[in-house]
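A.B. asks: Just need the structure, nothing else, for what follows:
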Amino acid sequence: MINTQTMRLSRLYGLRDLRVEEGPIPHPGPGEVLLKIASVGTCGSDVHYYVEGAIGDQVVTDPIQMGHEFSAWVAGLGPGVTDLELGELVAVEPAISCGVCESCQHGHPNLCPNVRFCGTPPIDGVFAEYAVMPAENCFVLPEGFSPDEGALLEPLGIGIHTVDLSHLKVGETVAVFGAGPVGLLVAACARIAGAAEVYMTEPLASRRAFALEYCADAAYNPDEEDVVEAIMTATSGRGVDVAFEAAGAPDTPDQAARVARPGGTVVVAGIPVEDHMVMTASQIRRKGLTIKMVRRMKHTYPRAIRMVAYGMIDIAALATHRFPLDRIAEAFELVANYRDGVLRAMIEIGTEAPQA
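C.D. replies: Numbering: from 1, shown residues only. This next block holds a predicted model:
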């Protein structure tokens, strides 16, 4: 049982201004559940808000709780909830779509213009001890799943959706620009989907080393070599069937287009600091490239859970650092400055399931 009426939470008040404070514990309404938060990942989009205060036209204007990659224990059931039980560990889809718009009705809830997404202004996220979410957004985790693995199912879902968009065929070749957590998961999902060769680019030595151990055939340093030339040489001048952009760097969308073969596909998942990207028009036109943009994910949690449960992918390896909620600002500084080989810093908020 919950014996207090308040909880600890973290709010972003301004650039690099994260504070831990007290707030009221929310109460679940019809169809909702109260969740005791277990683990939350520090996503790159959170870091954009922390460092820059915005992603495109989504601007932090008032104090906000960030956080959307999370696992939690069911701590309370709202009226009408019958398919969850108190104490179950769940992974949680952070997007609450409207269900009635054209995009939702066509099976694309990730494109819902009315979506309420945890930690995206002005919607509060889950860097807190408790949160309320719709029961339908909660996916019960099998025995043996850790809270960190449950939280990392969200970026794994991005990787799955990104590869889905590419229509990758068994035996095809891919390049992935950026070996951060999303880039690594895209590369790993591409490998699982049948990619014969996986080339990656990444300026950080620690991430290149991780990529080679994790899923890549080669990892090139864009600070020291022409990565387009390196990939074209590795593919005997043909290029790759699919190029994934997962860095959000100024040069990487155009690099992805340049290494894609004629008739190939470019899938852009990275979020640039400046709200624009550049591709050379003659390249994409003459090659007849298919270009797709990634908007979060859709319908991926059941597959992601099976992939981890069956040992198809190791997502726990991405959780390189762990911090309690009281040290969340330290975690964000670590991630924002790419220190100590960090991939995903996890904020571990709860340590045990609530008592029934």
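
A.B. asks: Would you map the strands across the stretch 101-250 of the chain?
C.D. replies: 116-117, 130-134, 138-140, 173-177, 197-201, 218-220, 240-245 (DSSP state E, counting those that start in this stretch).

A.B. asks: closest one to G99 among those strands?
C.D. replies: Nearest to G99, of all those, is strand 130-134, at 10.2 Å by CB to CB. (Glycine included, C-beta is placed from N, CA and C.)

A.B. asks: okay, the closest one in CSV with CA atoms only?
C.D. replies: Presented in CSV, the C-alpha positions along strand 130-134 are these (Å, rounded to 0.1, in the frame of the first residue of the first chain):
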residue,chain,number,x,y,z
TYR,A,130,4.7,7.4,-9.6
ALA,A,131,2.7,8.1,-12.7
VAL,A,132,-0.7,7.3,-14.2
MET,A,133,-1.1,5.7,-17.7
PRO,A,134,-3.8,4.0,-19.6
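
A.B. asks: elements contacting it?
C.D. replies: Strand 130-134 makes packing contacts with strand 32-41 when contacts are defined by 3 or more CB pairs under 8 Å, 6 or more residues apart in numbering; DSSP states H and E.

A.B. asks: roughly how far apart are A336 and P324?
C.D. replies: Applying CB to CB, to the nearest Å, the value for A336 to P324 is 19 Å.

A.B. asks: who's more crowded, the two?
C.D. replies: A336 (17 against 14; other CB atoms under 10 Å).

A.B. asks: What residues does A246 make contact with?
C.D. replies: Contacts for A246 (CB atoms under 8 Å, 6 or more residues apart in numbering) come out as 162, 176-178, 180, 182-183, 186, 269-270.

A.B. asks: could you redo the last one with a cut-off of 6 Å?
C.D. replies: Contacts for A246 (CB atoms under 6 Å, 6 or more residues apart in numbering) come out as 176, 178, 182-183, 186, 269-270.

A.B. asks: now E85: how far from W73?
C.D. replies: Taking CB to CB as the measure, E85 and W73 are separated by 10 Å.

A.B. asks: if you count what's nearby, which of the two comes out ahead?
C.D. replies: W73 (19 against 11).

A.B. asks: shouldn't the more buried one be in contact with K36?
C.D. replies: Yes - contact status for W73 versus K36: in contact at 4.6 Å, counting by CB atoms under 6 Å.

A.B. asks: and the longest helix along the chain, what's its mean pLDDT?
C.D. replies: Ranked by residue count, the top helix of the chain under DSSP state H comes out as helix 147-166. The pLDDT scores in helix 147-166 average 98.

A.B. asks: sec struct for R306, please.
C.D. replies: With DSSP: H, G, I helix; E, B strand; the rest coil as the basis, R306 sits in helix.

A.B. asks: Tell me how many other residues surround it.
C.D. replies: 11.

A.B. asks: and the gap between the nearest residue to it once chain neighbours are set aside and W73?
C.D. replies: Leaving aside its sequence neighbours, R306 sits nearest to M312 (CB to CB, 6 or more residues apart in numbering; 7.8 Å). Noted for M312: a distance of 26 Å to W73, by CB to CB.

A.B. asks: show me what contacts the spatially most central residue of the chain?
C.D. replies: Residue closest to the mean C-alpha point of the chain, counted by CA atoms, centre = their mean, is P155 at 3.0 Å. P155 makes contact with 181-182, 185 under the criterion CB under 6 Å, 6+ apart.

A.B. asks: what residue ranges in the stretch 251-356 of the chain score low on pLDDT?
C.D. replies: For the stretch 251-356 of the chain, the stretches with pLDDT under 70 are 356.

A.B. asks: what about the strands in it?
C.D. replies: Ranges of strands in the stretch 251-356 of the chain, per DSSP E, counting those that start in this stretch, are 260-268, 290-293, 319-324, 344-348.

A.B. asks: Give me the neighbour count for G263.
C.D. replies: Residues contacting G263 under the criterion other CB under 10 Å number 11.

A.B. asks: ok, now how distant is the residue nearest to it when sequence neighbours are not counted from S282?
C.D. replies: Leaving aside its chain neighbours, G263 sits nearest to G288 (5.5 Å; criterion: CB to CB, 6+ apart). Between G288 and S282 the computed distance is 12 Å (CB to CB).

A.B. asks: Now for the two: what residues contact both?
C.D. replies: Shared contacts of G288 and S282 (CB under 6 Å, 6+ apart): none.

A.B. asks: Now intersect the contacts of P155 with the helices, please.
C.D. replies: Reading helices off the contacts of P155 with DSSP H, I get 181-182, 185.

A.B. asks: Same list (those) but as a markdown table, adding neighbour count and pLDDT.
C.D. replies: Below are those laid out as a markdown table (neighbours: other CB atoms under 10 Å; pLDDT from 0 to 100):
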| residue | neighbour count | pLDDT |
| --- | --- | --- |
| P181 | 27 | 97 |
| V182 | 27 | 97 |
| L185 | 28 | 98 |
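
A.B. asks: wait, which of those residues is closest to R306?
C.D. replies: Using CB to CB, the ones in helices among the contacts of P155 come closest to R306 at L185, 15.3 Å.

A.B. asks: quick one: pLDDT of the residue nearest to A205 when sequence neighbours are not counted?
C.D. replies: Nearest-residue entry for A205: N221, 7.6 Å, with adjacent residues in sequence omitted and distances by CB to CB, 6+ apart. Looking at N221, its pLDDT stands at 98.

A.B. asks: Next one: N221 from C104, what distance?
C.D. replies: Using CB to CB, N221 is found at 43 Å from C104.

A.B. asks: So between these two, which is more surrounded?
C.D. replies: In this view N221 and C104 are compared by other CB under 10 Å, and C104 has more residues nearby, 18 against 14.
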